[in-house]
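*Asks:* Give me a model of this one.
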Amino acid sequence: MGAPGRASVCAVQEAHARPRPTILPPPRPPVTSAAFFLVWVYIVAGIPFAVVHTTLAGMDTDVRAAGSGNPGATNVARLFGWRMAAPVLAADIGKGFVPVVLARLLWPDWDPWFAWVVAGVAFSGHCWSMWLEFRGGKGVATAAGTALAITPLPTLLAALLWVLTLGALGRSSVASLTAALALVAGVSWLDPRTLPYVVLLAAGIAWTHVANVRRLLRGEEKTIVRPVRWGRPREGVERPEAALEQGPGGGAPATQWKERRHDPLEPTDLGLEPALTSAAPAPAQPDPAPPIADPG
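*Replies:* Prediction:
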């Protein structure tokens with residue numbers, strides 16, 4: 001009875017003494033892959049979707065030579081309307097959002113600093129695009145995409161403030177700078193961990209808007225939408241028919257062809273000669289000379 005018991009105890013000890021299989025973590029992309037990823041982000045973020053979309057849509061006007069000259073969504077809205085600018089805005093946001101999400105998924109051990117680096121590369125690729133001789137847009141939409149992937153709630157609040165400021169003032173530059181400051185304030189309160197990145201992002205947006213600030217100080221900054229007039233009398237078109245009489249862009253009324261109405265009883269409609277109602281007055285005749293008396 002004792003031998004079988006000792007054998008079972010030895011079997012249990014031997015089983016515990018066996019080396020357990022080691023569960024290895026999934027392989028991570030090496031540093032070389034991360035470098036190639038950054039190059040890819042810069043190339044993709046530099047694609048000027050404003051130029052590509054308006055060209056494929058058949059627009060004759062180059063966004064780089066009209067409006068503000070900025071190849072971004074707001075200039076497309078200024079020139080062609082928001083329906084044309086909406087796909088550009090979505091693409092510019094996406095080329096900042098998608099790379100940051102991929103970086104956080106592929107390199108979780110390097111989070112958050114590598115995601116910040118990817119966000120900075122995406123922002124730089126949009127503002128200094130290799131496809132446009134290292135020129136580009138203001139980077140607001142791309143910066144919003146990167147911030148949305150890193151700190152969503154403050155970014156959504158800043159985006160809401162951007163919409164309200166744009167509707168109230170009509171100037172995209174003022175709305176962008178206001179939203180950047182609001183993002184810094186919101187992150188410092190809701191997500192202080194990402195504050196270093198957001199401060200650098202706001203500084204980059206301010207740097208790309210230096211020319212806009214100068215135009216604002218001179219009073220030359222253009223609007224992209226008509227500001228909302230709260231509590232003020234409505235200006236412009238009062239009658240619905242007057243909107244049809246306006247020229248392009250709300251300018252002076254264009255010359256319209258109007259059908260002439262004729263009275264069927266007028267002589268012109270009956271084939272008769274019209275009466276001379278506005279004939280020129282006959283020239284005045286000189287007074288006749290008085291008769292000369294006969295002296296005889």
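*Asks:* Wait, Ala158 touches Ala180, no?
*Replies:* Yes. If you go by C-beta atoms under 8 Å, Ala158 and Ala180 touch, sitting 7.5 Å apart. For the C-beta atoms, the positions are set from N, CA and C on the backbone; glycine is no exception.
*Asks:* where do the contact lists of the two overlap?
*Replies:* The contact sets of Ala158 and Ala180 do not overlap (C-beta atoms under 8 Å, 6 or more residues apart in numbering).
*Asks:* quick one: the helices in the protein?
*Replies:* 2-17, 31-45, 49-56, 73-80, 82-106, 113-127, 140-150, 152-169, 172-190, 195-208, 210-218, 240-245 (DSSP state H).
*Asks:* Report how many residues lie close to Met130.
*Replies:* 14 (other C-beta atoms under 10 Å).
*Asks:* brain fart, Ala45
*Replies:* There are 29 residues near Ala45, going by other C-beta under 10 Å.
*Asks:* pretty sure it is touching His126, no?
*Replies:* Yes. Counting by C-beta under 8 Å, His126 is a contact partner of Ala45 at 5.0 Å.
*Asks:* Identify the contacts common to these two.
*Replies:* In contact with both Ala45 and His126: 95-96, 142, using C-beta under 8 Å, 6+ apart.
*Asks:* neighbour-wise, which of the residues you listed leads?
*Replies:* Using other C-beta under 10 Å as the neighbour test, those are led by Thr142, with 28 neighbours.
*Asks:* So which of the shared contacts of Ala45 and His126 is the closest to Leu216?
*Replies:* Thr142 (22.5 Å; C-beta to C-beta).
*Asks:* ok, that closest one - contacts?
*Replies:* Thr142 touches 45, 92-93, 95-96, 122-123, 125-126, counting by C-beta under 8 Å, 6+ apart.
*Asks:* Now tabulate the residues you listed in a markdown table and tack on distance to Thr74 and pLDDT.
*Replies:* Shown next, in a markdown table, are the contacts of Thr142 (distance: C-beta to C-beta, whole Å; pLDDT from 0 to 100):
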| residue | distance to Thr74 | pLDDT |
| --- | --- | --- |
| Ala45 | 18 | 96 |
| Asp92 | 10 | 97 |
| Ile93 | 13 | 97 |
| Lys95 | 16 | 96 |
| Gly96 | 16 | 96 |
| Ala122 | 18 | 97 |
| Phe123 | 16 | 97 |
| Gly125 | 19 | 96 |
| His126 | 13 | 96 |
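*Asks:* just curious, which of the residues you listed is nearest to Ala57?
*Replies:* For the contacts of Thr142, the minimum distance to Ala57 (C-beta to C-beta) is 16.2 Å, reached by Asp92.
*Asks:* Count residues in the vicinity of the closest one, would you?
*Replies:* Asp92, neighbours per other C-beta under 10 Å, totals 28.
*Asks:* Wait, it touches Ala73, no?
*Replies:* Yes. Here Asp92 reaches Ala73: they are 5.8 Å apart, a contact under C-beta under 8 Å.
*Asks:* okay, and the common contacts of these two?
*Replies:* 50, 141.
*Asks:* follow-up on the earlier one: dump the shared contacts of Ala45 and His126 to CSV, plus distance to Val174.
*Replies:* What follows is those, written out as CSV (distance: C-beta to C-beta, whole Å):
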residue, distance to Val174
Lys95, 25
Gly96, 22
Thr142, 19
